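Undergrad: Here's a sequence, model it:
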Amino acid sequence: MSLILLVGINAKFIHTNLAIRSLKANAKEYTDIVECVEYTINQSCEEILQSIYEKKPDVIGFSCYLWNIEYVFSISRDLKKIMPDVFIMAGGPEVSFQPEEILTNHPWMNLIMTGEGENTFYEFAGELSRAGSPCQMSLERIAGIVYHREKSSFVRTPPRELMPLDNLVFPYRDEDIPVFAHRIFYYESMRGCPFSCSYCLSSVDKSVRMKSREKTEREIDFFLRHRVPQVKFVDRTFNCNREYAYHIWKYIGDHDNGVTNFHFEISGDLLRDEDIALLASFRAGLVQFEIGVQSTNEKTIQAIHRTMDLERLRSNVQRIHKNGNIHQHLDLIAGLPYEDFDSFSQSFNDVYAMQPDQLQLGFLKILDGSYMSEAAGSYDMKYGSRPPYEVLCTRWLSFDDIRELKQIEEMVECYYNSFQFTATVAYLIRFFDTPFDMYRKLGKYYKEKGLLERKHSRVQRYEILWSFTEERVISDGEQLEVFREVMTYDLFRRDYVKNPPAFVRLRDDDSKKEIRAFFDSQCEKPSVLRGYEGFVTRQLFHMIYMNRFTIHMKLLVEEGILEVRPPRYLLFDYKKRNPLNHSADVLEVPEHYFL
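TA: Down below sits the predicted model:
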């Protein structure tokens with residue numbers, strides 16, 4: 001019996017490959033001749049090559065994306081050398097749009113699947129099962145493929161007709177759960193996108209097909225029943241059909257298992273009042289949103305064929321933020337038409353003001369098959385010759401500009417998206433004209449000090465930020481003491497640092513005595529500190545951090561307002577953490593415990 005090996009090479013171990021699992025599940029009666037294997041780009045090509053070789057497949061099918069295509073080309077070429085009779089096929093967005101060129105440049109590949117693959121693969125598996133071996137197959141009746149006829153010519157069969165999504169077989173099984181423990185389950189409830197963003201391949205197919213609500217709900221039940229950590233919907237704009245999105249969100253809310261998180265990519269300006277009211281009732285961490293803003297420059301938005309009500313988006317994002325129960329990840333893209341350095345800095349500041357939980361500063365990728373690939377010449381866009389085909393310069397941005405934006409991107413990742421410097425950044429930003437200006441100057445400091453190419457621990461990031469602030473930002477002693485206190489708060493809010501950096505002012509003997517007396521009282525009769533029954537004061541000193549703070553930290557973090565008040569003890573409870581940012585629960589201990 002012939003074996004088809006479907007290969008997914010993921011960007012990270014935590015990811016799963018939905019495409020190959022869907023192909024196998026929809027092979028139906030032929031699933032017994034199909035096996036799925038997954039690797040990551042962090043594994044060596046040699047390791048992947050040997051693993052595939054040991055399975056002795058007759059057909060190897062690769063799932064191809066930006067992040068793995070060069071691995072696929074290298075590994076498949078070497079496989080053909082050591083397994084000359086193996087039949088190699090590929091599918092996915094990185095090979096679908098110019099299949100003849102792919103086969104010409106990589107002649108060891110035999111076939112490319114174009115477009116939607118489930119029915120195509122079903123027919124291919126059926127043909128292999130009938131023929132008994134790849135060399136006996138008749139492929140001309142299978143729609144949606146391009147393959148070698150001879151070395152210099154190809155056969156392109158008619159395009160594959162799109163299928164009703166309710167016909168899709170669910171790709172996961174009970175036995176997958178232990179295999180995918182602590183990994184993300186990818187899921188799709190729709191295909192296509194109604195929008196026409198010029199940089200996106202989803203704009204090629206403007207129709208939207210959705211599964212019925214009943215089918216989606218049944219499949220969601222699988223994830224809830226198995227209490228998987230995270231389900232990531234790969235739908236391009238999940239709430240493009242607002243009634244459908246509302247009912248699926250309501251179903252998730254009504255059946256919350258207290259564990260599973262659901263990730264959705266949405267358009268923020270399409271949210272209605274009833275959506276926001278429903279979302280406000282959710283457990284913190286039940287759902288999270290990725291929202292593509294991309295730019296706030298109106299001319300840029302028009303040029304990339306994007307439709308967006310910026311004011312409504314801003315209002316909706318801020319309303320959700322205020323509820324404090326949904327993580328929001330907002331995206332910007334550098335390198336778009338009509339966006340120069342100053343314009344991008346304005347887009348950055350506009351999105352930053354929306355207070356997203358994470359701000360993703362990405363760079364335009366010129367993808368084959370997208371409108372942007374056709375228009376790149378008219379915009380004087382130069383981009384990388386190898387994946388991920390990232391923009392190098394445009395009519396509006398020089399390569400030097402791009403390099404500087406890369407520095408800013410790293411600073412945002414370290415000091416904003418990590419959730420480790422929330423109060424620190426909220427305080428520090430008041431010494432700069434704009435948020436963009438702060439991250440820009442911090443990036444320049446890293447570059448001047450030769451720090452960009454090095455790996456840094458969390459504590460080292462604090463030490464670098466302290467040095468930057470002391471040398472370049474704050475000269476006033478009182479303000480520097482405030483900054484010291486704010487940084488200390490952030491440092492310990494994440495974890496109890498047993499060997500704190502030099503900028504941390506250690507607790508004096510009087511404070512230690514008061515803290516010890518408080519712990520004694522809680523060991524005897526818990527009133528503030530819950531969940532630590534059975535521990536003694538000596539142990540609590542090493543499990544819980546307490547110190548006096550004069551800054552109203554919650555007001556600083558949530559409103560950006562600096563309020564200095566009489567010193568109060570804050571208690572950092574590491575057993576209780578915020579489900580959105582994993583920071584410790586911080587309690588203000590009433591003063592009467594220390595009188």
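Undergrad: Against which helices or strands is the longest strand seen in the chain packed?
TA: Ranked by residue count, the top strand of the chain under DSSP state E comes out as strand 564-577. Contact partners of strand 564-577 among helices and strands, from 3 or more Cβ pairs under 8 Å, 6 or more residues apart in numbering; DSSP states H and E: helix 477-494, helix 509-524, strand 545-551, strand 584-588. Every residue, glycine included, has its C-beta placed from N, CA and C.
Undergrad: Output the contacting helices and strands for the longest one.
TA: Going back to what we said before, that points to helix 477-494. Going by 3+ Cβ pairs under 8 Å, 6+ apart, helix 477-494 lies up against helix 422-428, helix 458-468, strand 545-551, helix 553-559, strand 564-577, strand 584-588.
Undergrad: between these, which gets nearest to residue 359?
TA: Evaluated over the helices and strands packed on helix 477-494, closeness to residue 359 peaks at helix 422-428, with 11.4 Å, by Cβ to Cβ.
Undergrad: Now do the strands in the stretch 201-350 of the chain.
TA: Shown for the stretch 201-350 of the chain, the strands assigned by DSSP state E, counting those that start in this stretch span residues 209-210, 230-233, 261-266, 287-294, 327-334.
Undergrad: export the ones you listed to TSV and tack on mean pLDDT and mean neighbour count?
TA: Shown next, in TSV, are the strands of the stretch 201-350 of the chain (pLDDT from 0 to 100; neighbours: other Cβ atoms under 10 Å):
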stretch	mean pLDDT	mean neighbour count
strand 209-210	96	18
strand 230-233	97	20
strand 261-266	98	21
strand 287-294	97	23
strand 327-334	97	22
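Undergrad: Dump these into JSON lines; add distance to residue 391 as well.
TA: Supplementary listing: those in JSON lines, determined by distance: least, Cβ to Cβ, whole Å:
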{"stretch": "strand 209-210", "distance to residue 391": "32"}
{"stretch": "strand 230-233", "distance to residue 391": "26"}
{"stretch": "strand 261-266", "distance to residue 391": "22"}
{"stretch": "strand 287-294", "distance to residue 391": "13"}
{"stretch": "strand 327-334", "distance to residue 391": "8"}
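Undergrad: Identify the residue nearest residue 406 in space, chain neighbours excluded?
TA: Leaving aside its sequence neighbours, residue 406 sits nearest to residue 363 (Cβ to Cβ, 6 or more residues apart in numbering; 7.8 Å).
Undergrad: Pull the contacting residues for the one you found.
TA: By Cβ atoms under 8 Å, 6 or more residues apart in numbering, the residues touching residue 363 are 333, 334, 335, 390, 391, 402, 405, 406.
Undergrad: how much space between the first one and residue 232?
TA: So the one you mean is residue 333. Remark: distance between residue 333 and residue 232 (Cβ to Cβ, to the nearest Å) = 20 Å.
Undergrad: on that earlier part again, the residue nearest to residue 406 pairs with what?
TA: Beta-bridge pairing of residue 363 under DSSP bridges involves residue 334.
Undergrad: Show the backbone phi and psi for residue 499.
TA: Note on residue 499: backbone dihedrals following degrees, to the nearest 10 are phi -120, psi 80.
Undergrad: What ranges in the stretch 451-595 of the chain fall below the confidence cut-off?
TA: For the stretch 451-595 of the chain, applying pLDDT under 70 flags no range at all.
Undergrad: give me that answer again for 80
TA: For the stretch 451-595 of the chain, the stretches flagged by pLDDT under 80 are 595.
Undergrad: before we move on, back to that, the longest strand of the chain: partners in the sheet, and parallel or antiparallel?
TA: Sheet partners by DSSP bridges: for strand 564-577, these are strand 545-551 (antiparallel), strand 584-588 (antiparallel).
Undergrad: quick one: the shortest one to helix 477-494, angle?
TA: Angular relation of strand 584-588 and helix 477-494 on a 0 to 180 degree scale: 130 degrees, by axes from the mean of the first three to the mean of the last three Cα atoms, to 10 degrees.
Undergrad: residues of strand 584-588 that come out buried?
TA: For strand 584-588, the neighbour count (16 or more other Cβ atoms under 10 Å) marks 584, 586, 587 as buried.
Undergrad: Can you tell me what sits against that strand?
TA: 492-495, 528, 553, 568-574, 576-578.
Undergrad: Most neighbours among those, which one?
TA: Tallying neighbours with other Cβ atoms under 10 Å puts residue 493 at the head of those, with 25 neighbours.
Undergrad: from what I can see that one touches residue 583, true?
TA: Yes - proximity of residue 493 to residue 583 meets the contact threshold set by Cβ atoms under 8 Å, at 4.8 Å.
Undergrad: Go through the contacts of strand 584-588 and name the one nearest residue 254.
TA: Once Cβ to Cβ is applied, the member of the contacts of strand 584-588 that ends up nearest residue 254 is residue 578, at 24.2 Å.
Undergrad: Contact partners for that closest one?
TA: Applying Cβ under 8 Å, 6+ apart, the residues contacting residue 578 are 284, 585.
Undergrad: coming back round to it: highest mean neighbour count out of the helices and strands packed on helix 477-494?
TA: helix 422-428 (a mean of 22; mean count of other Cβ atoms under 10 Å).
Undergrad: And whatever helix or strand comes next after it, what does it pack against?
TA: From helix 422-428 onward toward the C-terminus, using DSSP states H and E, the following helix or strand is helix 435-448. Secondary-structure packing of helix 435-448 (3+ Cβ pairs under 8 Å, 6+ apart): helix 341-352, helix 399-415, helix 458-468.
Undergrad: Relative to residue 157, which of those is closest?
TA: helix 399-415 (41.5 Å).
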